[in-house]
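> quick check, what structure comes out for this input:
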Amino acid sequence: MADLDRAAACLAQASRVVVFTGAGVSAESGIATFRDAQTGLWARFDPQRLATPEAFLADPELVWGWYEWRRARLAQVSPNPAHQAIAELAGQVAQLQVVTQNVDDLHERAGSRSVIHLHGSIQQPRCFDCARPMAIPVAEVMENGQRLAPPRCPLCNGLARPGVVWFGESVPQQAWEAAWKAVSTCDLLLSVGTSGAVYPAAGLPRRALEQGARVIHVNPEPVSIHAPGELALTGKAGQLLPRLLAAAFG
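A predicted model of the protein is given here:
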């Protein structure tokens, strides 16, 4: 596979690497994306209409129940070979930064130590009113979903909300600045499992190209190449990334 060999040669020469991941990586562990059909009770609802501050204020029990259902499902899945390969890459290059659009903790569970979550983390609920972090055990949620009352904040009595970035909310400034700095100074960006449709995150590969870095796309669907510094590998990340690392580092 000529493209894989070219990508491996680029990776072997890189020293400052950013791995930028999207929903496709987690999907290979069995986590449904927002584009997938929902099941049970949630089949009646559009996920994008639940993922807003307005939806939460209108019906907090519905929204909290849906996110706790997602957290319960996440506890039942494991990191896949793509997550593991990304964690292993840290031992092969001088500097590795993982930047993810995913709200799960599968990168960390696979062993990655430096992960920037652009869209927050479902494992870090916080108060809707005062933003205080709240350590809340995962609820036992029925497979077909159920309504749940959000816990109350011990500081201000506000409602707990999922620690994710909802539609209409801004990416956390600290996370965005850290991601932008990493992308601006890398010599290779590995874009894995992302459609490139969600901004501002989708602009990160372009920023890397503008700064002279190589960009390697790994996606189950073909990715259009627009610059000489880009390469694209089509297929599942869990299959391609272990092969890419083996070809690059032996």
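> now for residue 231: which residues touch it?
Neighbour list for residue 231: 3, 6-7, 10, 214-217, 225 [criterion: Cβ atoms under 8 Å, 6 or more residues apart in numbering]. C-betas here are computed from N, CA, C, even on glycine.
> again, only this time at 6 Å
Counting by Cβ atoms under 6 Å, 6 or more residues apart in numbering, residue 231 makes contact with 6-7, 216.
> quick check: the gap between the residue lying closest to residue 123 once chain neighbours are set aside and residue 192.
Excluding the flanking residues, the one nearest residue 123 by Cβ to Cβ, 6 or more residues apart in numbering is residue 105, at 5.2 Å. Going from residue 105 to residue 192 by Cβ to Cβ, to the nearest Å gives 17 Å.
> looking at these two, which is more packed in?
More crowded of residue 105 and residue 192, by other Cβ atoms under 10 Å: residue 192, with 25 against 19.
> ok, the more buried one - contacts?
Residues near residue 192 by Cβ under 6 Å, 6+ apart: 21, 25, 218, 237.
> ok, those vs residue 120, which is closest?
Minimum distance to residue 120 across the contacts of residue 192 is 14.7 Å, recorded for residue 21 (Cβ to Cβ).
> specify the beta-bridge partners of the closest one.
residue 100, residue 192 (DSSP bridges).
> check which residues of stretch 94-112 are buried.
96-110, 112 (16 or more other Cβ atoms under 10 Å).
> same check on stretch 210-219?
Here stretch 210-219 shows 213-219 as buried, counting by 16+ other Cβ under 10 Å.
> now, those residues that are in strands?
Of these, the ones assigned to strands by DSSP state E are 214-219.
> need the residues you listed in CSV (columns: pLDDT).
Converted to CSV, these look like this (pLDDT from 0 to 100):
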residue, pLDDT
214, 97
215, 97
216, 97
217, 96
218, 97
219, 94
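> lowest average confidence, helix or strand, in this protein?
helix 47-50 (a mean of 75; mean pLDDT, DSSP states H and E).
> restricting to C-alpha, output it in PDB.
Extracted in PDB, the C-alpha atoms of helix 47-50 (Å, rounded to 0.1, in the frame of the first residue of the first chain):
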ATOM      1  CA  PRO A  47     -29.900  14.100  19.900                       C
ATOM      2  CA  GLN A  48     -28.900  17.500  18.600                       C
ATOM      3  CA  ARG A  49     -32.100  18.900  20.100                       C
ATOM      4  CA  LEU A  50     -31.300  17.400  23.500                       C
END
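> can you give me how far that helix is from the chain middle?
Centre-to-centre, helix 47-50 and its host chain are 18 Å apart (Cα atoms, centre = their mean, to the nearest Å).
> tell me the centre residue of the chain?
For the chain, the residue nearest the mean C-alpha position is residue 102 (1.9 Å; Cα atoms, centre = their mean).
> does the residue nearest to that residue when sequence neighbours are not counted belong to a helix, a strand or coil?
With Cβ to Cβ, 6+ apart as the criterion, residue 102 has its nearest non-adjacent residue at 5.0 Å, and that residue is residue 26. Following DSSP: H, G, I helix; E, B strand; the rest coil, residue 26 is assigned to helix.
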